[in-house]
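Asker: Sequence unavailable; structure follows:
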């Protein structure tokens, strides 16, 4: 009888050890999966960071007057930073004939359509220098 109890106790201990081993193995698999997922997320975050830095450098080059490597506005730059406002357009065309006004507005639209930040517009006897949608200079004459 005592021998049977010892065997039952040993069997119980073996079963308990097997359950603990299974649980530890399962925890290890969960930890390995979590580690793999963390590595993938880290790689993805690094890739996003590199892309963001490249975009940032492109935008900085666009606004840097001494850097002429980016002459068209990148898609990330809001149009309001390089497009001419309606008030400025009204000021530019003021005092011109209707034909000249139409020509100036078309030149502005064409330049903005090409996302240019610096350009000249002109009509016979007059020109305007535009930069970032602002009137930078101009002149009249032959």
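Answerer: That came through, no problem. A quick note: this is a predicted structure, and the numbers were derived from the prediction, not measured.
Asker: So what's the residue count around residue 139?
Answerer: 10 (other C-beta atoms under 10 Å). No exception for glycine: its C-beta is placed from N, CA and C like everyone else's.
Asker: Ok, residue 53 next?
Answerer: Neighbours around residue 53, by other C-beta under 10 Å: 10.
Asker: Distance-wise, check it relative to residue 62.
Answerer: As judged by C-beta to C-beta, to the nearest Å, residue 53 and residue 62 stand 15 Å apart.
Asker: Please apply the same query to residue 102.
Answerer: 30 Å.
Asker: And the two? Which one has more around it.
Answerer: residue 62 (21 against 13).
Asker: would you say that one is within a helix?
Answerer: Yes. Assessed by DSSP: H, G, I helix; E, B strand; the rest coil, residue 62 belongs to a helix.
Asker: wouldn't it be in contact with residue 74 here?
Answerer: Yes. Using C-beta atoms under 8 Å, residue 62 is in contact with residue 74, at 5.9 Å.
Asker: Next SSE downstream of the helix or strand hosting residue 104?
Answerer: Assigned by DSSP states H and E, residue 104 belongs to helix 98-113. Using DSSP H and E, the helix or strand that directly follows helix 98-113 along the chain is strand 118-123.
Asker: Any buried residues in that following strand, and which?
Answerer: By neighbour count with 16 or more other C-beta atoms under 10 Å, strand 118-123 contains the buried residues 119, 121, 123.
Asker: Let me know the pLDDT of the second one.
Answerer: This points to residue 121. pLDDT for residue 121: 94.
Asker: If you drop the residues flanking it in sequence, what lies closest to residue 72?
Answerer: The shortest distance from residue 72 to any non-neighbouring residue, by C-beta to C-beta, 6 or more residues apart in numbering, is to residue 115 (4.2 Å).
Asker: In this structure that neighbour contacts residue 70, no?
Answerer: No. Applying C-beta under 8 Å, one finds residue 115 not in contact with residue 70, separated by 10.1 Å.
Asker: Tally up the residues packed near residue 117, please.
Answerer: 21.
Asker: Let me see the contact set for the nearest residue in space to it that is not next to it in sequence.
Answerer: Ranked by C-beta to C-beta, 6+ apart and with sequence neighbours excluded, the top spatial neighbour of residue 117 is residue 82, at 5.0 Å. With contact taken as C-beta atoms under 8 Å, 6 or more residues apart in numbering, residue 82 is in contact with 73, 112, 115, 117, 132, 133.
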